[in-house]
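Student: the sequence and its predicted three-dimensional model are supplied below.
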Amino acid sequence: MHSEMTHAPSGSGARGAAGLRRRPAWPLLVALALLVTACSDDRDDRRRALGDSPRFSDLMRVADPARGEHLFGSCAACHMVRRGAGDRNGPNLYGVVGKPPAETSRRFGYTAALRSLGGVWTAERLDTWLADPAKMAPGTSMGFRGVPDALDRADIIAYLKTQSAGVSDRSPSSAAR
């Protein structure tokens, strides 16, 4: 078997072993650096800045809605977040922040457990729900186990807030009203 190798013509630039032409590595390195920077996640930096026992308000202060949108991808198997969109296995969550539980969709069949919660979905209540839905509303049909990481929950909540027109930050005391 015979293999051919292309040799660089003399005087045509850098040559490596056996006279093969090498392309400069710097464009590849710059592209790789840009890719890594664009895909990097500052989650660890945010976590370090929060310290060992951050309060919920601290988590929400550093929450990243764009990362929350990415994390919401696992929720999207059952939920839509788009004005006017239909329901899936779970209700459309557009506008959920600031609304009473079990009232986001007129078409979805909410369980009695969720309908009996009362109040409205504040960031704090969503945090409790996302941490463990079955603990907050025993008897819920939502089979999701929860999001164990508090910063991930804050990111998801920050995203949901961007998908809830006219929502302002509410204090924990307004959640009971």
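Tutor: Received it, and whenever you're ready, just let me know what you need.
Student: torsion angles phi and psi at the residue nearest to residue 101 when sequence neighbours are not counted?
Tutor: Of all residues beyond its chain neighbours, the one nearest residue 101 is residue 117 (4.4 Å), with distances taken as C-beta to C-beta, 6 or more residues apart in numbering. In this view, the C-beta of every residue, glycine as well, is placed from N, C-alpha and C. Main-chain dihedrals, residue 117, degrees, to the nearest 10: phi -60, psi -40.
Student: now do the strands in the protein.
Tutor: Ranges of strands within the chain: none, based on DSSP state E.
Student: show me the shaky parts of it.
Tutor: Low-confidence segments of the chain (pLDDT under 70): 1-41, 166-177.
Student: count the residues that sit near residue 86.
Tutor: Using other C-beta atoms under 10 Å, residue 86 has 11 neighbouring residues.
Student: that one contacts residue 107, doesn't it?
Tutor: Yes - Residue 86 lies in contact with residue 107 (C-beta atoms under 8 Å); the separation is 7.5 Å.
Student: joint contacts of those two?
Tutor: Common contacts of residue 86 and residue 107, defined by C-beta atoms under 8 Å, 6 or more residues apart in numbering, are absent altogether.
Student: still on that earlier bit, tell me which residues touch the residue nearest to residue 101, please.
Tutor: Residue 117 neighbours (C-beta under 8 Å, 6+ apart): 101, 102, 136, 137.
Student: next, format those residues as TSV and append neighbour count.
Tutor: Listed next are these as TSV, based on neighbours: other C-beta atoms under 10 Å:
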residue	neighbour count
101	22
102	19
136	19
137	22
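Student: from those residues, pick the one nearest residue 159.
Tutor: Of all the contacts of residue 117, residue 159 sits closest to residue 101, with 18.7 Å by C-beta to C-beta.
Student: for residue 144, see how far away that closest one is.
Tutor: 15 Å (C-beta to C-beta, to the nearest Å).
Student: give me the number of residues near residue 53?
Tutor: 6.
Student: what's the answer for the one 4 residues further on, then?
Tutor: A total of 13 residues lie near residue 57 under the criterion other C-beta under 10 Å.
Student: could you do residue 89 as well?
Tutor: 11.
Student: and it, what is it in contact with?
Tutor: 77, 78.
Student: now it: how far from residue 65?
Tutor: To residue 65, residue 89 is 24 Å away according to C-beta to C-beta.
Student: okay then, goodbye and thanks.
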